[in-house]
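Peer 1: here is a sequence together with a model predicted from it:
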Amino acid sequence: MSFGDNKLSKRRNLIGTSLLAVVVSAAGVGCSDTPISVPDGGGTTDSGGGTGDGGGGTPDAKCAAATPTFSVPGGSYSAAQTVSIATTSSGATIYYTIDGNTPTAGSSKYSTPISVSDTTKPTKVSAYAVMEGCTDSAVNAATYTITADIKRAATPTITPASGSYTESKQVTIATTEKDGTIIFTTNNTQPSKTNGTVYTTPFTVVDGVTTVIAITTANNVPDSLNATATYTVTTAEGNAAAPSFSPVAGEYTTAQSIVMTTSTTNATICYTVDG
């Protein structure tokens, strides 16, 4: 396209500046006297007003370390568990706790899998990741309950040991369980909170075979395993066998009828109730 003199009204170079103004008057062509920015060196910027390098664009948002994950999900298990902790952020450092507290940079630094084996209470594992130049990850946590080897009340001890004796024996039962209660039987039945005699003082086993079974009961823990002792008592010939009592000595919440017997034929039993 060419323009005659009557079409071109004015063209002006602005020397010493970076602005070029052009006014064109022609059919179908708009007119403008607005300056256009021209970069140093004579080039022109995009007429759409784009911004070149250093034009103040918004930087990328700061990165965040990926939240750690656990190889074993939290839950109840019948055996100890080995738990690995990992993060997808390469080069990140993982800090963790196993006491229920929130981990910090002062907590244990993860390097090898963790063994979770406490059977007395649940174990809460908490972890988070730290990576230079990024924000810390969120804290992830998992709680593990190990039910194997249940913590029970302490098993009682019975003295003397099982054996054969030629005279009646006094039996003592003890437990190391703080505030524990000992319950025992001598009739070959399983002692429990509802069966047996609460032990308070030593008692005597006499002629014949007697099996003592005892347990410890306590609050907030299962009953202990059984302690058992069997006594075979044979008194010397010519001596009457010591009497036995049913029920055995102990504390009761109702009145008791006491039956006394002896294994010596035709023996007479004499007794007192005044100590």
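Peer 2: Done, it's in. Numbering: from 1, shown residues only.
Peer 1: and the nearest residue to Phe203 once chain neighbours are set aside, how many neighbours?
Peer 2: Closest residue to Phe203 apart from its sequence neighbours, by C-beta to C-beta, 6 or more residues apart in numbering: Ala249 at 5.1 Å. Yep, even glycine has a C-beta here, placed from its N, CA and C like the rest. Per other C-beta atoms under 10 Å, the neighbour tally for Ala249 reads 14.
Peer 1: my read: Ala249 touches Tyr199, true?
Peer 2: No. Counting by C-beta atoms under 8 Å, Ala249 sits too far from Tyr199 to count as a contact (9.2 Å).
Peer 1: ok, now which ones touch the residue nearest to Phe203?
Peer 2: Taking C-beta atoms under 8 Å, 6 or more residues apart in numbering, we find Ala249 in contact with Thr197, Thr200, Thr201, Phe203.
Peer 1: partner strands of the host helix or strand of Ala141 and their direction?
Peer 2: Assessed by DSSP states H and E, Ala141 sits inside strand 140-146. Paired strands of strand 140-146, with direction, are strand 75-77 (parallel), strand 123-130 (antiparallel) (DSSP bridges).
Peer 1: for the helix or strand that comes right after the shortest one, which helices and strands make contact with it?
Peer 2: Along the chain past strand 75-77, the next helix or strand (assigned with DSSP H and E) turns out to be strand 81-83. Other helices and strands packing on strand 81-83, by 3 or more C-beta pairs under 8 Å, 6 or more residues apart in numbering; DSSP states H and E, are strand 114-116, strand 140-146.
Peer 1: select, out of those strands, the one closest to Val259.
Peer 2: Val259 lies closest to strand 140-146 among the helices and strands packed on strand 81-83, at 48.9 Å (C-beta to C-beta).
Peer 1: so what strands line up beside the helix or strand just after that closest one?
Peer 2: Going down the chain from strand 140-146, the next helix or strand is strand 157-159, by DSSP H and E. Strand pairing for strand 157-159, determined by DSSP bridges: strand 169-174 (antiparallel).
Peer 1: so what strands line up beside the very next helix or strand once past the partner strand?
Peer 2: Tracing the chain C-terminally past strand 169-174 and defining elements by DSSP H and E, one meets strand 181-185 next. Paired with strand 181-185 in the same sheet, following DSSP bridges, are strand 197-198 (antiparallel), strand 208-217 (antiparallel).
Peer 1: any chance of CSV for those, columns distance to Thr145 and mean pLDDT?
Peer 2: Converted to CSV, those look like this (distance: least, C-beta to C-beta, whole Å; pLDDT from 0 to 100):
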stretch, distance to Thr145, mean pLDDT
strand 197-198, 33, 96
strand 208-217, 23, 95
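Peer 1: out of these, which gets nearest to Ser224?
Peer 2: From the strands paired with strand 181-185, taking C-beta to C-beta, the stretch that ends up closest is strand 208-217, at 4.1 Å.
Peer 1: give me the contacts around the closest one.
Peer 2: Residues outside strand 208-217 that contact it (C-beta under 8 Å, 6+ apart): 153-156, 158, 171, 173, 175, 177, 180-186, 188-193, 199, 205, 223-233, 241, 244, 263.
Peer 1: try 7 Å
Peer 2: 153-156, 158, 171, 173, 175, 177, 180-186, 188, 190-191, 193, 199, 223-224, 226-233, 263 (C-beta atoms under 7 Å, 6 or more residues apart in numbering).
Peer 1: same question for the following helix or strand past it, mean pLDDT?
Peer 2: Of the helices and strands lying after strand 208-217 in sequence (DSSP H and E), the nearest is strand 227-233. For strand 227-233, mean pLDDT is 94.
Peer 1: partners of the helix or strand just after strand 227-233, with directions?
Peer 2: Helices and strands here follow DSSP H and E; after strand 227-233, the next one along the chain is strand 244-246. Partner strands and pairing direction for strand 244-246 (DSSP bridges) are strand 259-261 (antiparallel).
Peer 1: re earlier: among the helices and strands packed on strand 81-83, which is nearest Val130?
Peer 2: Using C-beta to C-beta, those put strand 140-146 closest to Val130, at 13.5 Å.
Peer 1: go through that closest one and flag the buried ones.
Peer 2: Across strand 140-146, burial judged by 16 or more other C-beta atoms under 10 Å covers Asn140, Ala141, Ala142, Tyr144, Ile146.
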